[in-house]
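Peer 1: Compute the structure for the input listed below.
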Amino acid sequence: PPRNDVDVFSNDLGFVGIAEGGKIAGYNVLVGGGLGMTHGKTATFPRVADVIGFCLPEQAVQVSEEVVKIQRDFGNRSDRRNARLKYTIEARGVDWFKNELNVRLGWNLEDPRDFSFESTTDRYGWTEDADGKWAYGVFVEGGRLRDAGQASEKTAMREIAAEIPCEFRLTANQNLVIARISTEDKEKVQDILGRHGVRNPTDLSALRLNSISCTALPTCGLALAESERYLPGLIDELDQVIEGLGLKDESIAIRSTGCPNGCGRPYLGEIGLVGKAPGKYNLYLGAGLDGTRLNKLYRQAITNDEIVSELKPVLENFAGNREEGETFGDFCIRQGYVKATGQGADFHD
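Peer 2: Below is the predicted model of the structure:
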């Protein structure tokens, strides 16, 4: 905390580090997340994980093992669409799961420690480590480094790798961090990025910086619609809208995926797009910017032009009538565009 840049609530099992006095005191344990579902089958749904307790660092491996064993023993093996831990917990209850886990551990998890998240995006541009080294967060659209047009992103990274002592780290948001850069090499890195036309994150809208897409067509055989090749163009159109509304720097999480399996984590997007057919998408609104609340279906099977025409008045309303500090997802719920999704099965309500 306060950054949820791995969407920890989307996982079957998650740990949130709790720091005290500059050290990790332990972890809040999260269970039962998962984002896959099937169109037309309301018995399938995405779900965010529940926070069930707190463990010490030396207890984390045992907790993980026993969580896996519970799913092994009680998970549904007769129906692949109902086989995830999220459905086991939804069917038997969080209290049952916590009690079963405590019995198997031979000791009880402590009560969860307080924490809060502010965003799910990465840190972009320059940040300084605790020991004086530097890191540069690069926005990589759709997670694919390319040499295309006026930008030679891939060549720039190869040149940095060859000339600058550093580390490359991939993020859960499809981006890249060039880490462990010395103060003396900062200017060299900046020069290489500039010469190769790598976009400065400060020049991009917060909407684009908060975007994620899956590969979809033509790479994935499960895809029903485009995603990686579609989302940048949609954001181009939406950027024109938000520029005029003064929302360029307003963080709005937009996620796109080519099918309902949810690889682009669309159900945690304040704006979520899920492929329904070639050129048509289900539009979801109302997720939490902090990654702790799912969104809900707003419009079904609509085209790109319809997506833009549906979102434009919502964004205009947001620009003119939001409360101080209110996020786009929260605004969509307060204004009644969608109802808040509480948990699991509420997603289809």
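
Peer 1: Would you mark the buried spots in the longest helix seen in the chain?
Peer 2: If you go by DSSP state H, the chain has its longest helix at helix 304-321. Within helix 304-321, the residues that qualify as buried are 304, 307, 308, 311, 312, 314, 315, 318, 319, counting by 16 or more other CB atoms under 10 Å. (C-beta placed from N, C-alpha, C; glycine too.)

Peer 1: What of stretch 13-31?
Peer 2: For stretch 13-31, using 16+ other CB under 10 Å, the buried residues are 13, 14, 15, 16, 18, 26, 27, 28, 29, 30, 31.

Peer 1: Beta-bridge partners for the last one, please?
Peer 2: What that stands for is residue 31. residue 13, residue 50 (DSSP bridges).

Peer 1: Run a quick check on it versus residue 84, I expect a contact.
Peer 2: No: in this structure residue 31 lies outside contact range of residue 84 using CB atoms under 8 Å: 11.2 Å.

Peer 1: Pull up the overlap in contacts between those two.
Peer 2: Here residue 31 and residue 84 have residue 12 as joint contacts, going by CB atoms under 8 Å, 6 or more residues apart in numbering.

Peer 1: still on that earlier bit, buried residues in the next helix or strand after the longest helix of the chain?
Peer 2: Once the chain leaves helix 304-321, the next helix or strand it forms, by DSSP states H and E, is helix 328-334. Residues of helix 328-334 classed as buried by neighbour count (16+ other CB under 10 Å): 328, 329, 330, 331, 332, 333.

Peer 1: Reformat the residues you listed as TSV; add distance to residue 58 and pLDDT.
Peer 2: What follows is these, written out as TSV (distance: CB to CB, whole Å; pLDDT from 0 to 100):
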residue	distance to residue 58	pLDDT
328	41	98
329	37	98
330	38	98
331	43	98
332	43	98
333	41	98
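
Peer 1: Need the max-distance pair from those.
Peer 2: By the measure CB to CB, 328 and 333 form the most distant pair in the buried residues of helix 328-334, at 10.1 Å.

Peer 1: Can you check the pLDDT for residue 62?
Peer 2: We note a pLDDT of 98 for residue 62 in this prediction.

Peer 1: neighbours around it, how many?
Peer 2: For residue 62, the count of nearby residues is 14 (other CB atoms under 10 Å).
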